[in-house]
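Chemist: I'd like to go over a predicted model; first the sequence, then the structure.
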Amino acid sequence: MGDSLITMVAIFLAAILMFIFPLISISERTDDVSELSIQTATTEFVDKVRTTGKLTLQDYDKYISTITSTGNSFDVDIEIQILDENPGVKTTQAEMTKIGENLYYHFYTSQVEEMLNNNATVRLKEGDRISVTAKNTNQTIAQILKNFFYQIAGNDTYQIAAQHAGIVTANGTTIY
């Protein structure tokens, strides 16, 4: 009886080592590939906005379809900071020293989406800032397996995330 029990435990442990841990490893690699894809798409999206000085509805839709093509759902946060240079306090346009401070007006995801739906383009000027963050909202296979085996709990945990930000380097006509 004792030998049978030890044999059953050994078979169970062997099955875990032969099947479950490789499955966890492969699913983690899949998440790594998805994260790399999301990071690349986010970087390209932000850099295109930075260098052209405009955010178009077409570019935003293309970005969303690119990141969802990984088979995951994402929560995308966009923050645009519009530079208000306070021109009444400057000494002259040609002089590089400015009196006073620059202020930024913040626009967040829902406001940006509303501007895109109304105008189809948000034009930015040099000195404005854009920041984009994408986090997965669904549970991946790796997360499910980790939660099962390691009892990692928490609804706020995410496996795949990407963030990129930058300062706009091209001028455009401002449309809000």
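Modeler: Here it is on my side, so go on.

Chemist: May I ask which helix or strand encompasses D31?
Modeler: Element membership for D31 (DSSP states H and E) is helix 21-52.

Chemist: Show me what secondary structure element comes after that helix.
Modeler: strand 54-56.

Chemist: Enumerate the positions of that next one that are buried.
Modeler: Within strand 54-56, the residues that count as buried by 16 or more other C-beta atoms under 10 Å are K54, L55, T56. Yep, even glycine has a C-beta here, placed from its N, CA and C like the rest.

Chemist: and if you look at stretch 36-44?
Modeler: S37, I38, Q39, A41, T42.

Chemist: what packs against the helix or strand of the chain with the lowest mean pLDDT?
Modeler: Every helix and strand in the chain was compared by mean pLDDT, DSSP states H and E; the lowest is helix 141-150, with a mean of 79. Helices and strands touching helix 141-150, as assessed by 3 or more C-beta pairs under 8 Å, 6 or more residues apart in numbering; DSSP states H and E, comprise helix 21-52.

Chemist: What are the boundaries of the helices in the chain?
Modeler: 2-15, 21-52, 57-68, 109-119, 141-150 (DSSP state H).

Chemist: Can you say which of those is nearest to T133?
Modeler: helix 21-52 (8.0 Å; C-beta to C-beta).

Chemist: From the contact counts, what lies against that closest one?
Modeler: Short answer (3+ C-beta pairs under 8 Å, 6+ apart): helix 21-52 packs on helix 57-68, strand 129-136, helix 141-150, strand 161-167.

Chemist: 10 Å instead?
Modeler: strand 54-56, helix 57-68, strand 74-84, strand 129-136, helix 141-150, strand 161-167 (3 or more C-beta pairs under 10 Å, 6 or more residues apart in numbering; DSSP states H and E).
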